[in-house]
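In: sequence and predicted structure below; questions after.
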Amino acid sequence: MDDGQGRMPSRCLFSAAAGLTALLLTVAAHAATVEVPVGSDLQQAIDGANAGDTLVLAPGVHDGPVTIDKPLTLEGRGGAVIDAHGRGRTVDVKAADVTLRGLSLRGSGHDLSKMEGAVFLSRTATRGRVEDNDIEGNLTGVYVHGAHDAIVRGNRIVGRTDLRLNEAGNGVYVWNAPGAQVLDNDISGGRDGIFTVTSRQNLFKGNRLHSVRFAVHYMYTNDSEVSDNVSIGNHAGYVLMYSDHIRVFDNVSVGDRDHGILLNYENDSDIEGNAVLDGAAKCVFIYNANKNIFRRNRFEGCRIGIHFTAGSERNRISQNAFVNNQTQVFYVGTRFLDWAENGRGNYWSDNPAFDLNGDGIADAPYRPNDLVDQIVWRYPAAKLLINSPATQVVRWAQSQFPALHPGGVIDSAPLMQPPAIPAAAAAKADLAEPRGPWR
């Protein structure tokens, strides 16, 4: 009942709180730690446990697959393995407040349509915890399927590399799981490192992702954060598609093949403090992405620093460092875009600029592309004339008469020094160390 104004009387709230406290105390009082020896029936041990119990698995192989339908903790002593022997989901979690910790999980089935994998957190598995496990040889590592507030932390996940890419699963798959957190995992093999679709309010932080297709792949996921992750040697690093309001900061992409950061129909997001280094075809690719902020990133050593296309509008790009890219900017369009904000633009390693007043801002604007560049992009055969007298005359004329420029990117306040970006500095220091963990 209420007080006539839609509010619960204080005595009712007190009674509800007291009842919940009593229930929690009752569960805690009956919780027990149960040793599960090798050779026993693990599913039978789970079925016979009370809510809140901790099952401690002895070293050795325990047969799966198993299903957990009550709040439990499954904890492994060193060398405890749950092996599904190629059948189904190694551990299928259907209850809230389940923790899996310190286990080796392997041998799931390999049917993508049945969502098979090492750990499956169903919609009812709210607040599930998957921590400090060794997950190898499964189709998908951890499938968070609608489980609110789940945490996947500190795991080593190695996907299957014996399958074709379209047949492989993801390291961590998040579907419609608000509040899910994927933290401090080492993920390799399989399709994508972390893939999220139709979700919101997720946090992916501190993960190391290597030898996959996309390190982090966003689809239709909003109001989330990607931070402090490292992508090494993947097809692409951070692929954000059809999503809004994503904070992407302090991430590193090293040696990713195609793209360091890709935005496709990505809007109202902040991309700040990231570093893309060494080898990507495009450090950044922006396709029909609008109202995003790119600030204080370092894009270095790519064939194209930033490829900007398909009507992307109202993006703010300032205080970034474009260093030693073969082509700093690839923009084919007729609009004039000024990549400076509040009197501060970007750093360009190929800008032979002067700063006579010593304010840290170059005395003249910088144009990363000219008319000749755009002709060559549209008509590649024109490269044959790149050093001809006619081409040199066109470039001279543009330098004398700026109105001849057909539109494009201009930095009206280019920086004389690159901004300090901690993620880039840490990555460079690690790469310079012969025995560094990224090596």
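Out: Noted; the coordinates are in hand. Residues are numbered from 1 along each chain as shown.
In: switch to C-alpha atoms for all contacts and neighbour counts from now on
Out: Fine.
In: tell me the secondary structure at residue 45.
Out: helix (DSSP: H, G, I helix; E, B strand; the rest coil).
In: count of neighbours near it?
Out: Residue 45: 14 surrounding residues under other Cα atoms under 10 Å.
In: that one touches residue 36, doesn't it?
Out: Yes - counting by Cα atoms under 8 Å, residue 36 is a contact partner of residue 45 at 7.3 Å.
In: below-threshold pLDDT in this protein: ranges please.
Out: By pLDDT under 70, the weakly predicted segments of the chain are 1-30, 310, 370-388, 390-407, 435-439.
In: what strand or helix carries the residue most central in space within the chain?
Out: The chain has residue 216 as the residue nearest its centroid, 3.3 Å off, counting by Cα atoms, centre = their mean. Assigning secondary structure by DSSP states H and E places residue 216 in strand 214-222.
In: tell me the strands beside that strand, with direction?
Out: If you go by DSSP bridges, strand 214-222 pairs up with strand 194-200 (parallel), strand 236-241 (parallel).
In: which residues does the first one contact?
Out: In other words, strand 194-200. By Cα atoms under 8 Å, 6 or more residues apart in numbering, the residues outside strand 194-200 that reach it are 170-179, 214-224.
In: for the shortest one, same thing?
Out: Applying Cα under 8 Å, 6+ apart, the contact partners of strand 236-241 are 213-220, 231, 253, 256-266.
In: now the element after it, going C-ward?
Out: Per DSSP H and E, the helix or strand that comes after strand 236-241 is strand 246-249.
In: beyond that following strand, next helix or strand please.
Out: Strand 246-249 is succeeded, C-terminally, by strand 252-254 (DSSP H and E).
In: run through the neighbouring helices and strands of that next one.
Out: strand 230-232, strand 275-277, helix 422-432 (3 or more Cα pairs under 8 Å, 6 or more residues apart in numbering; DSSP states H and E).
In: and the last one, what does it pack against?
Out: Yep, that's helix 422-432 we're talking about. strand 252-254, strand 275-277.
In: need the ones you listed in CSV with mean neighbour count and distance to residue 369, can you?
Out: Converted to CSV, the helices and strands packed on helix 422-432 look like this (neighbours: other Cα atoms under 10 Å; distance: least, Cα to Cα, whole Å):
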stretch, mean neighbour count, distance to residue 369
strand 252-254, 29, 25
strand 275-277, 28, 21
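In: what's the spacing between residue 361 and residue 323?
Out: 17 Å (Cα to Cα, to the nearest Å).
In: so for these two, which sits in the more crowded spot?
Out: Legend: neighbour count by other Cα under 10 Å for residue 361 and residue 323, higher for residue 361 (23 against 20).
In: show the contacting residues for the spatially closest residue to the more buried one that is not a sequence neighbour.
Out: The shortest distance from residue 361 to any residue other than its chain neighbours is 4.9 Å, reached at residue 415 (Cα to Cα, 6 or more residues apart in numbering). Contact partners of residue 415, counting by Cα under 8 Å, 6+ apart, are 319, 344, 345, 346, 347, 348, 360, 361, 362.
In: tell me how far residue 415 lies from residue 105.
Out: Taken as Cα to Cα, the span from residue 415 to residue 105 is 51 Å.
In: and if you look at residue 128?
Out: For residue 128, the distance to residue 105 - Cα to Cα - is 16 Å.
In: count the residues that sit near residue 33.
Out: 12.
In: quick one, what contacts the closest residue to it other than its chain neighbours?
Out: In this structure, residue 33 finds its nearest non-sequential neighbour in residue 54, 4.7 Å apart by Cα to Cα, 6+ apart. Neighbouring residues of residue 54 by Cα under 8 Å, 6+ apart: 31, 32, 33, 34, 72, 73, 74, 75.
In: now do 7 Å
Out: Shown in contact with residue 54 (Cα atoms under 7 Å, 6 or more residues apart in numbering): 32, 33, 34, 72, 73, 74.
In: can I get the strands paired with strand 214-222 in a markdown table including mean neighbour count and distance to residue 109?
Out: Below are the strands paired with strand 214-222 laid out as a markdown table (neighbours: other Cα under 10 Å; distance: least, Cα to Cα, whole Å):
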| stretch | mean neighbour count | distance to residue 109 |
| --- | --- | --- |
| strand 194-200 | 21 | 20 |
| strand 236-241 | 26 | 27 |
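In: now render those strands as CSV, adding distance to residue 427.
Out: What follows is the strands paired with strand 214-222, written out as CSV (distance: least, Cα to Cα, whole Å):
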stretch, distance to residue 427
strand 194-200, 21
strand 236-241, 15
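In: which among those strands is found nearest to residue 184?
Out: Minimum separation from residue 184 across these (Cα to Cα) falls at strand 194-200, 12.0 Å.
In: can you name the next helix or strand after the closest one?
Out: strand 203-205.
In: note down every partner strand of that next one and its orientation.
Out: In the sheet, strand 203-205 lines up with strand 181-183 (parallel), strand 224-227 (parallel) (DSSP bridges).
In: where do the helices of the stretch 251-400 of the chain begin and end?
Out: Using DSSP state H, counting those that start in this stretch, the helices of the stretch 251-400 of the chain run over residues 371-378, 389-400.
In: and the gap between residue 191 and residue 162?
Out: 11 Å.
In: more neighbours: these two, which one.
Out: residue 191 (26 against 11).
In: could I get the contacting residues of that one?
Out: 165, 168, 169, 170, 212, 213.
In: just the buried residues of those residues.
Out: Neighbour counting with 16 or more other Cα atoms under 10 Å marks 168, 169, 170, 212, 213 as buried within the contacts of residue 191.
In: list the buried ones in stretch 65-83?
Out: 65-76, 80-83.
In: just the CA trace of it, in PDB.
Out: C-alpha atoms of stretch 65-83 as PDB (Å, rounded to 0.1, in the frame of the first residue of the first chain):
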ATOM      1  CA  PRO A  65      29.300 -29.400 -19.800                       C
ATOM      2  CA  VAL A  66      27.500 -28.200 -16.600                       C
ATOM      3  CA  THR A  67      24.600 -25.900 -15.800                       C
ATOM      4  CA  ILE A  68      24.400 -23.600 -12.800                       C
ATOM      5  CA  ASP A  69      20.900 -22.600 -11.700                       C
ATOM      6  CA  LYS A  70      21.500 -21.100  -8.300                       C
ATOM      7  CA  PRO A  71      23.900 -18.500  -6.800                       C
ATOM      8  CA  LEU A  72      27.200 -20.400  -6.400                       C
ATOM      9  CA  THR A  73      31.000 -19.900  -6.600                       C
ATOM     10  CA  LEU A  74      33.000 -22.300  -8.700                       C
ATOM     11  CA  GLU A  75      36.600 -22.000  -7.800                       C
ATOM     12  CA  GLY A  76      39.600 -24.000  -9.100                       C
ATOM     13  CA  ARG A  77      42.700 -25.000  -7.300                       C
ATOM     14  CA  GLY A  78      45.800 -24.800  -9.500                       C
ATOM     15  CA  GLY A  79      45.200 -27.100 -12.500                       C
ATOM     16  CA  ALA A  80      41.500 -27.600 -12.100                       C
ATOM     17  CA  VAL A  81      39.900 -28.000 -15.600                       C
ATOM     18  CA  ILE A  82      36.300 -28.300 -16.800                       C
ATOM     19  CA  ASP A  83      36.300 -30.000 -20.200                       C
END
